[in-house]
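Visitor: Output the structure for:
(2 chains)
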Amino acid sequence: MIRSLRWKGAAFTVPFQLGFVFLYLLPIGYAVYESLYREQQSGLGLGGATERFAGLDNYRHGFTDSAFMGSVLRVVLFACVQIPVMLLVSLVLALFLDSLASKAASRFRIMLLVPYMIPGVVAAIVWINLYSPDVGPLTPLGKVFGFDWNFFAPSMVWPSIGNLLTWHGVGYNMVIIYSALQGVPRELFEAARLDGASERRIALSIKIPYVRGALVLTGMLSIIQMLQIFNEPALFRNVTPQTVTDSFTPIMIIYNQAFNAGNYHYAAALSVLLALILGVASFLFYRLTSREAD
Amino acid sequence: MTLTEERPRTRQVRRFSRPDPTSGSRGGQRFLLVGLVLASAYSLFPVWWLLVAATKNRTDLYQSNGLWFSGMHLWDNLHEVFTYQDGIFLRWTANSLLYAGVGSLAGTLLALATGYGLARFDFPGRGIVFACVVGSFLIPIALLTLPLYLLFSKIGLVDTAWAMLIPCLINPFSVYLAKVYTEATIPFELLEAARIDGAGELRIFFSIVLRMMTTGGATVFLLAFVNTWNAFFLPLTLLRGKENWTLNLGLYNWSGTRLESGVDLTGLVLTGALLSIVPMAVMMVAMRRYWRTGVTLGALK
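Guide: Modelled structure (predicted):
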């Protein structure tokens, strides 16, 4: 390519590069910088606070902070249950759709995608009210069958949030898996049928291996989102502040450290720590799923 | 994998050898249908409940069957939502539309230029820029938002519309999509021909590339719009005063006041929640052609 043309091409990306520097690199650098300092009260705390270099103290504190590490563990455990359930339901529905005539399939697909159209905050508001013993239909329904559900009890909060996330996410994940299924060469099925394979056998041995890539992708996206879960617990906190504490998830702790405790330095360290945890989790997931493929 | 390669192939395959649906057993088909009907009911019933709840007055909301109508008070509820606290709900709607509409439009244009530059020019540093784009998918929002709050408060942008609009300009995922779309729709030969005819690079971009990228651009815009409309953590952090809030923030605030002051805003929150779905639904239905390719394209990430 001619030299001047190269630079003209680069010019198309310059606005983005500048923006990226100011909105991504600079803030990250600033967060790392802030995380290495701490605020120190001078003398009796009368002269105001001064910033002191603290090295890795904030990180050391973060690693041993049982509230923070506990919240990470809580979210990871939850992810280990909710994500497989959601992906399994999505996969099964995608396989069901794939076996239908395309007209019926597209009708069901639209209905299953309705939750995806609803903003996450609104979805949480709707489900919180469905769960509510005062206005929700689920509590009286449970009574009919002899259950006395309390969706906001400590043991029920995660299942309640899990159901909300599954409801919200199944349609989207199903569409990704379904479109991967559409790419499977149909001749394979014909050949398998001629060899006497049942429909279930075809699904298990041909279709599912074929959509592995889509499953890994949806799994990865779900993990990244889950470790950063904030909206749903924040809305649940409006209803049950005793159960959903202000240190329920990592991002809630970071938010509270920054804006309620006014401890930006520690909040910055925790957010860098969370980024590292996210990177490690994604890497492990990627290694685990790609090794199985060999 | 590119769009142009993939789509005709599946279509062709489907036409010739789509398995006929009766090939499975009768019982098997019935089982599939029952499963799908149940899943659809599960997907739809909360929305149905919300729709019904928005038509009820306070007494019926608490006392009548949640899944069926009882008296028609939708207009009263709408009136209440739009007049409560001097009509602040309308303000929030306008804000959400402004942030999502203007922010996504500007962000999309910028993403298309960047994607085009990355896909069709070979300049030093291209690999680094692309690595930044992909790498940023892994950055937690808190890591960006908190320092952004500090930086923005230093230059006086916190609690202004700019605090929402400026971050919308830079959307790495949009850039990624724009690059994929450019690779699929803009042939090198066409650019060469335009250059030989003496067209400048800017002119080529604005009058040829942008026109050919209408579909891709619309998808990028739609996804960015949905993203901004759904945003919660960013506005929660950067917007303090009620007048600049988004619909999401406003509804969050209303649903929280129930506890604090003993005022029951449940009906208000539910009607507001229903209203806040409307623009999204209209957008998505009107642009469903783009939306479908966009959702699928996410799979190529």
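Visitor: Would you mark the buried spots in the helix or strand hosting B:Thr271?
Guide: Assigned by DSSP states H and E, B:Thr271 falls within helix B:266-286. For helix B:266-286, a neighbour-count test (16 or more other Cβ atoms under 10 Å in any protein chain shown) marks B:266-277, B:279-280, B:283-284 as buried. Any C-beta I mention is one placed from the backbone N, CA and C, and that applies to glycine too.
Visitor: For stretch A:135-145, list the C-alpha coordinates in CSV.
Guide: What follows is stretch A:135-145, C-alpha atoms only, in CSV (Å, rounded to 0.1, in the frame of the first residue of the first chain):
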residue,chain,number,x,y,z
VAL,A,135,-49.0,-7.7,44.9
GLY,A,136,-47.4,-10.8,43.3
PRO,A,137,-49.4,-13.7,42.0
LEU,A,138,-46.7,-16.3,42.9
THR,A,139,-47.3,-16.3,46.7
PRO,A,140,-51.1,-17.0,46.4
LEU,A,141,-50.3,-19.6,43.7
GLY,A,142,-47.9,-21.3,46.0
LYS,A,143,-50.5,-21.4,48.7
VAL,A,144,-52.9,-23.3,46.4
PHE,A,145,-50.3,-26.0,46.2
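Visitor: Touching it from outside, list them.
Guide: The contact list for stretch A:135-145, computed with Cβ atoms under 8 Å, 6 or more residues apart in numbering or on different chains, reads A:129-133, A:148-149, A:151, B:49, B:53, B:61-62, B:65-67, B:266.
Visitor: Likewise for stretch A:68-81?
Guide: Taking Cβ under 8 Å, 6+ apart as the rule, stretch A:68-81 contacts A:62-63, A:158, A:161-162, A:222-223, A:226-227, A:229, A:247-250, A:252-253, A:270, A:273-274, A:277, A:281.
Visitor: Any idea which residue of chain A lies closest to chain B?
Guide: A:Gly9 (2.2 Å; Cβ to the nearest Cβ).
Visitor: Please settle this for me: is that residue part of a helix?
Guide: Yes: counting by DSSP: H, G, I helix; E, B strand; the rest coil, one finds A:Gly9 located in a helix.
Visitor: That one - how many residues pack around it?
Guide: Residues lying near A:Gly9 (other Cβ atoms under 10 Å in any protein chain shown) number 20.
Visitor: and what of B:Arg288?
Guide: 12.
Visitor: what's the longest helix in chain A?
Guide: Of all the segments of type helix in chain A, defined by DSSP state H, the longest one is helix A:66-98.
Visitor: In chain A, where is pLDDT below threshold?
Guide: Applying pLDDT under 70 to chain A flags residues A:1, A:41-48, A:291-294.
Visitor: In which helix or strand does the most centrally placed residue in it reside?
Guide: Closest residue to the average C-alpha location of chain A: A:Gln225 at 2.0 Å, with Cα atoms, centre = their mean. Using DSSP H and E, A:Gln225 falls within helix A:212-227.
Visitor: Taking their axis directions, the strand or helix carrying A:Leu270 and helix A:66-98 sit at what angle?
Guide: Per DSSP H and E: A:Leu270 is located in helix A:264-293. If you take axes from the mean of the first three to the mean of the last three Cα atoms, to 10 degrees, helix A:264-293 sits at 40 degrees to helix A:66-98.
Visitor: so what secondary structure elements neighbour helix A:264-293?
Guide: helix A:26-35, strand A:37-41, helix A:57-64, helix A:66-98, helix A:212-227, helix A:250-259, helix B:141-154 (3 or more Cβ pairs under 8 Å, 6 or more residues apart in numbering or on different chains; DSSP states H and E).
Visitor: Give the stretch among the ones you listed with the greatest mean number of neighbours.
Guide: helix A:250-259 (a mean of 23; mean count of other Cβ atoms under 10 Å in any protein chain shown).
Visitor: Dump it to PDB, keeping only the CA atoms.
Guide: Extracted as PDB, the C-alpha positions of helix A:250-259 are listed here (Å, rounded to 0.1, in the frame of the first residue of the first chain):
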ATOM      1  CA  PRO A 250     -18.000  -7.300  44.400                       C
ATOM      2  CA  ILE A 251     -19.200  -4.300  42.500                       C
ATOM      3  CA  MET A 252     -21.600  -3.300  45.300                       C
ATOM      4  CA  ILE A 253     -18.600  -3.300  47.700                       C
ATOM      5  CA  ILE A 254     -16.600  -1.200  45.300                       C
ATOM      6  CA  TYR A 255     -19.400   1.200  44.900                       C
ATOM      7  CA  ASN A 256     -20.000   1.500  48.600                       C
ATOM      8  CA  GLN A 257     -16.300   2.000  49.300                       C
ATOM      9  CA  ALA A 258     -16.100   4.800  46.800                       C
ATOM     10  CA  PHE A 259     -19.300   6.700  47.400                       C
END
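Visitor: Give me the contacts around that helix.
Guide: Residues from elsewhere that reach helix A:250-259 (Cβ under 8 Å, 6+ apart): A:67-68, A:71-72, A:75, A:227-230, A:233-234, A:237, A:246-247, A:263-264, A:266-267, A:270-271, A:274, A:277, B:140-142, B:146, B:149, B:233, B:236-237.
Visitor: Point me to the residue sitting closest to the centre of chain B.
Guide: Nearest to chain B centroid, counting by Cα atoms, centre = their mean: B:Val226, 1.1 Å.
Visitor: sorry, back to before: now whichever helix or strand comes after the longest helix of chain A: how far from the chain's centre is it?
Guide: Using DSSP H and E, the helix or strand that directly follows helix A:66-98 along the chain is helix A:102-113. Distance of helix A:102-113 from its chain centroid, counting by Cα atoms, centre = their mean, to the nearest Å, is 25 Å.
Visitor: So which elements touch helix A:102-113?
Guide: Helix A:102-113 packs on helix A:66-98, helix A:157-181, helix B:26-53, going by 3+ Cβ pairs under 8 Å, 6+ apart.
Visitor: 10 Å instead?
Guide: Secondary structure elements in contact with helix A:102-113, counted by 3 or more Cβ pairs under 10 Å, 6 or more residues apart in numbering or on different chains; DSSP states H and E, are helix A:66-98, helix A:157-181, helix B:26-53, helix B:288-297.
Visitor: does the third one come close to chain A?
Guide: Yes: contact of helix B:26-53 with chain A is found when judged by Cβ under 10 Å from any Cβ of the partner chain, involving B:28-29, B:31-37, B:39-47, B:49-50, B:52-53.
Visitor: end-to-end on stretch A:234-251?
Guide: End-to-end distance for stretch A:234-251: 10 Å, by Cα to Cα, to the nearest Å.
Visitor: do stretch A:36-54 as well
Guide: Using Cα to Cα, the distance between the terminal residues of stretch A:36-54 is 5 Å.
Visitor: what's the neighbour count on the residue lying closest to A:Thr13 once chain neighbours are set aside?
Guide: Leaving aside its sequence neighbours, A:Thr13 sits nearest to B:Gly117 (Cβ to Cβ, 6 or more residues apart in numbering or on different chains; 4.0 Å). When counting by other Cβ under 10 Å, one arrives at 28 neighbours for B:Gly117.
Visitor: was I right about A:Phe152 contacting A:Asp134?
Guide: No: applying Cβ atoms under 10 Å, one finds A:Phe152 not in contact with A:Asp134, separated by 11.6 Å.
Visitor: So for these two, which residue has more residues nearby?
Guide: A:Phe152 (18 against 10).
Visitor: quick check, that one in a strand?
Guide: No: according to three-state DSSP, A:Phe152 belongs to no strand; its state is coil.
Visitor: Spatially, and excluding backbone neighbours, which residue is closest to it.
Guide: Among residues not flanking A:Phe152 along the chain, A:Thr240 sits closest, at 4.3 Å (Cβ to Cβ, 6+ apart).
Visitor: residues in contact with the one you found?
Guide: A:Thr240 sits next to A:Ile128, A:Asn150, A:Phe151, A:Phe152, A:Ala153, A:Pro154, A:Met156, A:Val157, A:Ser160, B:Leu259 when contact means Cβ atoms under 10 Å, 6 or more residues apart in numbering or on different chains.
Visitor: nearest to B:Leu97, of those?
Guide: Of all the contacts of A:Thr240, A:Ile128 has the smallest distance to B:Leu97: 25.6 Å, by Cβ to Cβ.
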